[in-house]
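Trainee: just a sequence and a predicted model for now, questions to come.
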Amino acid sequence: MDAALAVEHLRALIRIPTVSRADETQIDAEVFARFRAELARLYPRVHSLEHELVGGGSLLFRWPGHDSGDGRLGPAVLMAHYDVVPADEPGWTHPAFGGDLVGDGAEQRVWGRGAIDDKGMLCSILEAVEAALAEGVTPSHDVYLSFGHNEETQGSGAAAIVSLLESRGVRAGLVIDEGGAIVEGLLPGVEGPIAMIGLSEKGIAGVELIAEKQGGHAATPAPNGATVLLARAILALETHPSRARLSEPSIAMLEAVSARASGVRGWLYRHARTLRGPLARIMARSGPEQAAVVRTTRAVTRLSGSAGDNVLAERAIAMVNVRIETGSTVEAALNDIRTVVGDSIEVRLVYGSDPPPVSRREGPAWDALSRAIADVFPRTIPSPFIMIQASDARHFSRISDSVYRFLPFDLTLGERQALHAIDESIRVSTYLDGIRFFRRLIDEL
Ligand SMILES: [Zn+2]
């Protein structure tokens, strides 16, 4: 691997601002086309493979295997997305689309939006495949590269790729996409780095609470107007959170990390299965992130009432953003909300998708991933978990029971907090390890 060249490639691609925006008229299609042209220039061997443009901007490559049928994994999909969230906030230490290379030694970094999420992952895959092609490697089965162009907004590109693969009868033995990273200190009492491999992610729904009452002039308000009914409903949701429960993958996570925890905590984690009730209640009280792991969450994000200062609302509406725990459904979450807010409130589902199936935590794909992690990150142990955020990977459950959400980067808390915020940057050593990880993983495919 030519490390200096790999770094130059990442810098060049950060400089092309492929920004996704919810308002599609604000997206510059020419920039996305320029990015794809640059990709073809930087990775000529990958582009000599069969490839196509799908869903208006996403890229699908097929690296043919020799189909030896030796009972290994079957086809694999390596995923990334090349759009980024905007970098409109001021205060960046180095320009968001500058791709600056700063510092030296272990602290040398590439700066800019997408350095980690997800151009870092994209380049890690491309560098590894380009190198393997140069070595003359042929995988056992087909390897697909799936690069979405609108993951940060609607994710329709990745969904279109899955539909295409499905129509061609492709079943994948392994799918890998962004997700958990290699982290330290995520759980109290756990020592050393843990590779967090997402087996699934929470479902999501948008639910409106609607209160209706006769309107009138604000000078003569009657009790229990629409806004008051709505406020009561919102408070009821706050004081009646959904039940805390430790899902099967969360139990598996605690059991996996227990090897790295000593004392009382180690004992607790080792007995997570028998102690699932009390552990769920402890986690629900330990802070917003831990609570989100053990329950369906509801957050009221938007409110509307009347249009005028002096007009009583005839309709007051609250939008609730609901994140649904693994093992539950949109329907169950809706029913819970209806029970809590009562009959005076209309509960309307605006959009929703159930949590995707949980991927397998054993078998050839999990083993291949674990071996690649062990070789490249020797002090690290793999652990399953459920992702709290939604990702493009959810669509791939339709064609695979082994969809893993894993970013092969060791990231500090500060680096993770810079995602979707200011000062996103990646350590060069982290990026190079990511390339090594994918190059090693290719040997398993
Ligand atoms: Zn991302």
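Mentor: Looks like it came in fine.
Trainee: in three-state terms, label P355 for me.
Mentor: Per DSSP: H, G, I helix; E, B strand; the rest coil, the local secondary structure of P355 is coil.
Trainee: in terms of pLDDT, where does it sit?
Mentor: P355 is assigned 96 on the pLDDT scale.
Trainee: ok, it touching T326?
Mentor: Yes: with contacts counted by CB atoms under 8 Å, P355 reaches T326, the gap being 4.9 Å. Heads up, the C-betas are built off the backbone N, CA and C, glycines and all.
Trainee: now do the shared contacts for these two.
Mentor: 200, 202 (CB atoms under 8 Å, 6 or more residues apart in numbering).
Trainee: what residues does this structure put near the ion?
Mentor: Contacts of the chain with the ion, taken as CB under 5 Å from the ion, map to 117-118, 178.
Trainee: in helices, which of the residues you listed fall?
Mentor: Judged by DSSP state H, helices contain none of the residues of the chain next to the ion.
Trainee: export those to CSV and tack on distance to R295 and neighbour count?
Mentor: Listed next are the residues of the chain next to the ion as CSV, based on distance: CB to CB, whole Å; neighbours: other CB atoms under 10 Å:
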residue, distance to R295, neighbour count
D117, 26, 24
D118, 28, 26
E178, 24, 27
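Trainee: JSON lines for those residues, including pLDDT?
Mentor: Conversion of the residues of the chain next to the ion to JSON lines gives the following (pLDDT from 0 to 100):
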{"residue": "D117", "pLDDT": "95"}
{"residue": "D118", "pLDDT": "96"}
{"residue": "E178", "pLDDT": "96"}
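Trainee: quick one: mark the members of the residues you listed that sit in strands.
Mentor: Using DSSP state E, the subset of the residues of the chain next to the ion located in strands is E178.
Trainee: as a markdown table, the residues of the chain next to the ion with distance to G74 would be great.
Mentor: Formatted as a markdown table, the residues of the chain next to the ion follow (distance: CB to CB, whole Å):
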| residue | distance to G74 |
| --- | --- |
| D117 | 29 |
| D118 | 25 |
| E178 | 22 |
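Trainee: let me see the ranges of the strands in the stretch 151-300 of the chain.
Mentor: Under the criterion DSSP state E, counting those that start in this stretch, strands of the stretch 151-300 of the chain are mapped to 174-183, 194-201, 203-212, 216-217, 297-304.
Trainee: contacts only, for G98.
Mentor: So G98 contacts 14-15, 111-112 (CB under 8 Å, 6+ apart).
Trainee: next one: D83 from G225, what distance?
Mentor: Separation of D83 from G225 (CB to CB, to the nearest Å) stands at 44 Å.
Trainee: the more surrounded of the two?
Mentor: Taking other CB atoms under 10 Å, D83 and G225 do not tie; D83 has more neighbours (25 against 22).
Trainee: was I right about the more buried one contacting Q154?
Mentor: No: with contact defined as CB under 8 Å, D83 and Q154 do not form a contacting pair (10.7 Å).
Trainee: shared neighbours of those two, anything?
Mentor: The contact sets of D83 and Q154 do not overlap (CB under 8 Å, 6+ apart).
Trainee: helix or strand right after whatever helix or strand L5 lives in?
Mentor: Using DSSP states H and E, L5 sits within helix 3-14. Past helix 3-14, further along toward the C-terminus, the next helix or strand under DSSP H and E is helix 29-42.
Trainee: helix/strand/coil for R62?
Mentor: Under three-state DSSP, the three-state class of R62 is strand.
Trainee: and it, how far from the ion?
Mentor: According to CB to the ion, to the nearest Å, R62 and the ion sit 23 Å apart.
Trainee: burial check on the residue nearest to that residue when sequence neighbours are not counted, number of neighbours?
Mentor: Of all residues not flanking R62 in the chain, E50 sits nearest, at 4.7 Å (CB to CB, 6 or more residues apart in numbering). Neighbourhood size, E50 [other CB under 10 Å]: 10.
Trainee: check whether E50 really touches L60, as I assumed.
Mentor: No: using CB under 8 Å, E50 is not in contact with L60, being 9.0 Å away.
Trainee: residues in contact with the host helix or strand of A368?
Mentor: Using DSSP H and E, A368 sits within helix 364-376. Here helix 364-376 makes contact (CB under 8 Å, 6+ apart) with 72-73, 173-174, 176, 195, 197, 360, 380, 382, 402, 404, 406, 408, 433, 436-437, 440-441, 444-445.
Trainee: again, but for stretch 228-236
Mentor: Contacts of stretch 228-236 (CB under 8 Å, 6+ apart): 209, 211, 213, 300, 303, 316-318, 340-342, 344-345.
Trainee: which residues touch the closest residue to D336 other than its chain neighbours?
Mentor: Nearest-residue entry for D336: S242, 5.6 Å, with adjacent residues in sequence omitted and distances by CB to CB, 6+ apart. By CB under 8 Å, 6+ apart, the contact list for S242 reads 295-298, 325, 333, 336.
Trainee: in stretch 148-160, what counts as buried?
Mentor: If you call a residue buried by 16 or more other CB atoms under 10 Å, then stretch 148-160 has these buried ones: 148-153, 155-160.
Trainee: of the residues you listed, which pair is most distant in space?
Mentor: E152 and A160 (16.1 Å; CB to CB).
Trainee: and the residue most central in space within the chain, how far is that from A80?
Mentor: Compute the mean C-alpha point of the chain, and by CA atoms, centre = their mean the closest residue is S391, 4.0 Å away. For S391, the distance to A80 equals 11 Å [CB to CB].
Trainee: same thing with G434?
Mentor: Remark: distance between G434 and A80 (CB to CB) = 11 Å.
Trainee: can I get stretch 251-261 in PDB? Just the C-alpha atoms.
Mentor: Listed next in PDB are the C-alpha coordinates belonging to stretch 251-261 (Å, rounded to 0.1, in the frame of the first residue of the first chain):
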ATOM      1  CA  ILE A 251     -27.400  -9.100  26.400                       C
ATOM      2  CA  ALA A 252     -24.900 -10.500  23.900                       C
ATOM      3  CA  MET A 253     -23.000  -7.200  24.100                       C
ATOM      4  CA  LEU A 254     -22.800  -7.200  27.900                       C
ATOM      5  CA  GLU A 255     -21.700 -10.800  27.800                       C
ATOM      6  CA  ALA A 256     -19.000 -10.100  25.200                       C
ATOM      7  CA  VAL A 257     -17.500  -7.100  27.000                       C
ATOM      8  CA  SER A 258     -17.700  -8.900  30.400                       C
ATOM      9  CA  ALA A 259     -14.300 -10.400  29.600                       C
ATOM     10  CA  ARG A 260     -12.800  -6.900  29.800                       C
ATOM     11  CA  ALA A 261     -14.600  -5.800  33.000                       C
END
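Trainee: tell me which element L407 is part of?
Mentor: strand 403-410.
Trainee: repeat for V322
Mentor: Element membership for V322 (DSSP H and E) is strand 315-324.
Trainee: brilliant, that's me finished.
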